[in-house]
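Engineer: Provided below are the primary sequence and the corresponding predicted coordinates.
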Amino acid sequence: MKHAAYTLTLPEDDHSLAVFSSPHSGADYPRAFLRDSLLDELTLRSSEDAYVDELFAAAPSLGAPLIAARFPRAYVDLNRSETELDPAVIAMDRRTALNPRLAAGLGVIPRVVAEGRAIRQGKITLAAAEERLATCHRPYHAALSGLLDQTREAHGLAVLFDCHSMPRDALRGLAANGSPRPEIVLGDRFGSACSSWVMGAAVDGFRAAGFRVACNTPFAGGHITQTYGKPEKGLHALQIEIDRSLYMEERTLRKRADFAQVQARITDVISRLVHVRPERFSLAAE
């Protein structure tokens with residue numbers, strides 16, 4: 001199913017607790033946005049989690065829904081609260097409390113892309129910002145929330161896998177002591193966003209597929225993980241970050257020649273995650 005804000009692919013057999021989301025892989029750039037930008041399209045795309053939706057495309061055939069944004073992160077960032085409005089990019093009267101993300105230009109309407117490069121000159125109106133939220137941010141989150149509620153109603157629990165990619169340079173510090181840098185970083189906000197059986201199943205799944213895995217460092221989970229991860233209410237959320245250099249050339253955004261092999265390894269992980277449930281992980285751990 002295609003919506004202006006997202007593509008939703010549902011499984012034929014809805015037997016899984018899992019829901020997969022790719023909120024930063026969208027690449028439908030509005031013409032007016034491109035026209036008004038200081039940057040060329042390739043530079044704007046540096047903030048994308050390019051191809052993550054393709055890496056997880058097998059989820060519906062394996063029994064779990066996949067929702068993916070169509071619009072780009074540089075236009076609206078779904079992993080931010082809609083209240084994170086940057087007064088440096090939006091003309092508005094009301095005061096907004098600055099947090100480190102806003103100070104860095106990474107609000108819900110971003111001011112910069114990767115490496116702090118400014119997207120545009122001047123500010124957009126509050127009405128224009130509201131239109132972006134109304135047409136992109138709210139529909140996506142309404143659909144995602146609905147998927148999780150339906151899954152929880154059907155099975156008693158729901159598990160969100162929030163799928164992202166990360167620049168290889170983001171992991172540079174983790175290899176400073178000479179140990180191999182991780183290829184996958186799993187974030188559960190230090191245990192608050194999901195129960196340990198979800199994290200455990202994901203660690204086991206990625207390691208079984210041959211990936212090096214780290215947990216919560218340097219990425220512990222963002223707005224989406226925090227918002228939907230409520231284990232006490234039967235809603236679990238885990239952020240997945242994949243090293244982009246595994247499957248694409250970061251400078252050109254071209255897929256690597258072995259993209260299909262990496263995709264197949266991710267599919268192997270998905271085939272395990274769609275069956276995740278408390279008793280299954282408990283039995284596997286005994």
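Structural biologist: Great, that's in hand.
Engineer: burial of Ala68, as a residue count?
Structural biologist: Ala68: 23 surrounding residues under other CB atoms under 10 Å. C-beta coordinates here come from the backbone N, C-alpha and C atoms, glycine included.
Engineer: below-threshold pLDDT in the stretch 51-200 of the chain: ranges please.
Structural biologist: 94-96, 173-178 (pLDDT under 70).
Engineer: bridged to Glu241, which residues?
Structural biologist: In this structure, Glu241 bridges to His164, Val185 when assessed by DSSP bridges.
Engineer: correct me if wrong: it contacts Gly221.
Structural biologist: No: when contacts are counted by CB atoms under 8 Å, Glu241 is not listed as touching Gly221 (9.5 Å).
Engineer: need the helices for the stretch 51-200 of the chain, in chain order.
Structural biologist: Listed in chain order, the helices found in the stretch 51-200 of the chain under DSSP state H, counting those that start in this stretch are 52-55, 59-62, 100-103, 126-132, 138-155, 196-208.
Engineer: so which of those comes closest to Leu78?
Structural biologist: helix 138-155 (5.5 Å; CB to CB).
Engineer: may I see the buried residues of that closest one?
Structural biologist: 140-141, 143-144, 147-148, 151-152, 155 (16 or more other CB atoms under 10 Å).
Engineer: closest one of these to Ser25?
Structural biologist: Among the buried residues of helix 138-155, and counting by CB to CB, the member closest to Ser25 is Tyr140, at 12.1 Å.
Engineer: so what's that closest one up against?
Structural biologist: 5-6, 23, 67, 69, 78 (CB atoms under 8 Å, 6 or more residues apart in numbering).
Engineer: residues near the nearest residue to His15 once chain neighbours are set aside, how many?
Structural biologist: Ranked by CB to CB, 6 or more residues apart in numbering and with sequence neighbours excluded, the top spatial neighbour of His15 is Gly63, at 5.2 Å. Counted with other CB under 10 Å, residues neighbouring Gly63 total 18.
Engineer: same check, this time on Asp40
Structural biologist: By other CB under 10 Å, the residues close to Asp40 number 9.
Engineer: now swap in Leu38 and tell me
Structural biologist: Neighbours of Leu38 (other CB under 10 Å): 11.
Engineer: quick check: the gap between it and Asp188.
Structural biologist: 37 Å (CB to CB, to the nearest Å).
Engineer: cool, Glu232 as well?
Structural biologist: Distance from Glu232 to Asp188, by CB to CB: 14 Å.
Engineer: between those two, which is the more surrounded one?
Structural biologist: Asp188 (24 against 6).
Engineer: so that one touches Thr225, yeah?
Structural biologist: Yes: under the criterion of CB under 8 Å, Asp188 makes contact with Thr225 at 7.2 Å.
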